[in-house]
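S.K.: based on what follows, work out the 3D shape:
(one chain, ligands or ions: 1)
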Amino acid sequence: MAAPSALVLKCPHCGEVVPHRVLRGKIGGKDEIVFEGVVRCSKCDTVSNIVTREPKPITVPLVVSWLERSEKTSLEFSPDEDVSVGEEFDLGDTRIVITAIEAEGRRVDAAKAKAIATLWAKRIDQVRVKFSVNKGNRTVPHEVVAAPDEEFEVGEIVDLGRDRAVVHHIRTRHRTMREGRVRADEIVRMYGRVVRERTSR
Ligand SMILES: [Zn+2]
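M.R.: Okay, the predicted model is just below:
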């Protein structure tokens, strides 16, 4: 593992907890992350030899409910980090909130990461639905921001600000829909065309 270019440390000389430039050093350790090296304090410029140790992050199993299914994944924590129900985390591109914690065989409201057997969470993020809109002789890509459980329907008219467009068909991971409705977070892309508004016919 490469050493970082800077570390926030307590300076052995001036006692301030400030960024230190790493002049040289290495990272090692089996059960802990150990940094050994030479650093310069950004406050007093003193060069010191230091050794720091911090616990390696642990991986906690996580079940994220999404649509009518659940997905097994995991989150990394520092072993002594407190985790509680209601806390929010980023998981890849999505945002989740912890809904339940199982630690030492029972449901708890909070626990240290190292004591947790399983975390449960649900997605709370917004999704960006890709919408290819045909405008006469060209196709323009749009994105529609929606809640994950918001539904779109073939034939529906979607407001795109300046334009409005009718949904022709919807592609999901598994199929192409030419009728019916589907949740925003299942949509890979929608296709449609701009609707010309007429005040009279
Ligand atoms: Zn210093």
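S.K.: all contacts plus neighbour counts: C-alpha atoms, from now on.
M.R.: Fine.
S.K.: tell me what the lengthiest strand in the chain is packed against?
M.R.: As assigned by DSSP state E, the longest strand anywhere in the chain is strand 17-28. On a contact count with 3 or more C-alpha pairs under 8 Å, 6 or more residues apart in numbering; DSSP states H and E, strand 17-28 meets strand 6-10, strand 32-41.
S.K.: the longest one: what's the following helix or strand?
M.R.: What that stands for is strand 32-41. Sequence-wise, the next helix or strand downstream of strand 32-41 (DSSP states H and E) is strand 47-55.
S.K.: just give the strands next to that following strand in its sheet, each with its orientation.
M.R.: strand 32-41 (antiparallel) (DSSP bridges).
S.K.: now do the buried residues in the partner strand.
M.R.: Residues of strand 32-41 classed as buried by neighbour count (16 or more other C-alpha atoms under 10 Å): 34-41.
S.K.: nearest to I96, of these?
M.R.: V34 (31.5 Å; C-alpha to C-alpha).
S.K.: show me what contacts the residue lying closest to the closest one once chain neighbours are set aside?
M.R.: What sits nearest to V34 in space, not counting adjacent residues and going by C-alpha to C-alpha, 6 or more residues apart in numbering, is R53, at 4.5 Å. Residues in contact with R53 (C-alpha atoms under 8 Å, 6 or more residues apart in numbering) are 32-35.
S.K.: so where is this structure shaky, pLDDT-wise?
M.R.: 1, 67-68, 197-201 (pLDDT under 70).
S.K.: residues of it that sit close to the ion?
M.R.: Residues of the chain lying near the ion by C-alpha under 5 Å from the ion: 11, 14, 41, 44.
S.K.: thought the third one was touching P19?
M.R.: Yes. In terms of C-alpha atoms under 8 Å, C41 counts as a neighbour of P19; the distance is 6.7 Å.
S.K.: could you measure the closest residue to P19 other than its chain neighbours against the ion, distance?
M.R.: Nearest residue to P19 in three dimensions, chain neighbours excluded: V8, at 4.1 Å (C-alpha to C-alpha, 6+ apart). Distance of V8 to the ion, computed by C-alpha to the ion, to the nearest Å: 11 Å.
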